[in-house]
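> sequence first, then the predicted structure:
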Amino acid sequence: MAEEKTLREHAAPQFNQAPLYIVTPTLQAPLELKSGLIHLLPKFIGLMNEDPY
């Protein structure tokens, strides 16, 4: 039978597994927002008493 682990051993992080977060790459060139891209963003649709600014 396999060796039984304690609760502490089960809770300890295992460093040989993949990280649980997303690694974003760094940009080599500066980011440029073009006007065509801005029009693709969703518009603010909220309640009548909400101010989008």
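Right, received. Where do you want to start?
> CA atoms for contacts and neighbours, from now on please.
Fine.
> what does the model give the residue nearest the centre of the chain for pLDDT?
In the chain, the residue lying closest to the centroid (Cα atoms, centre = their mean) is residue 22, at 5.9 Å. We have a pLDDT of 84 for residue 22.
> same check on residue 7?
Residue 7 is given a pLDDT of 91.
> over to residue 48?
Value for residue 48, per-residue pLDDT: 76.
> how many neighbouring residues does it have?
Residues within reach of residue 48, counting by other Cα atoms under 10 Å, total 6.
> ditto for residue 18
Residues near residue 18, counting by other Cα under 10 Å, number 7.
> host element of it?
Using DSSP states H and E, residue 18 is not contained in any helix or strand.
> enumerate every residue touching residue 11.
Listed by Cα atoms under 8 Å, 6 or more residues apart in numbering, residue 11 has no contact partners.
> pop out the phi and psi values for it.
Main-chain dihedrals, residue 11, degrees, to the nearest 10: phi -80, psi -20.
> then residue 34?
The phi/psi pair for residue 34 (degrees, to the nearest 10) reads phi -100, psi 160.
> residues near it, how many?
Neighbour tally, residue 34, other Cα under 10 Å: 8.
> now do the one 5 residues further on
When neighbours are counted by other Cα under 10 Å, residue 39 registers 9.
> how close does it get to residue 33?
11 Å (Cα to Cα, to the nearest Å).
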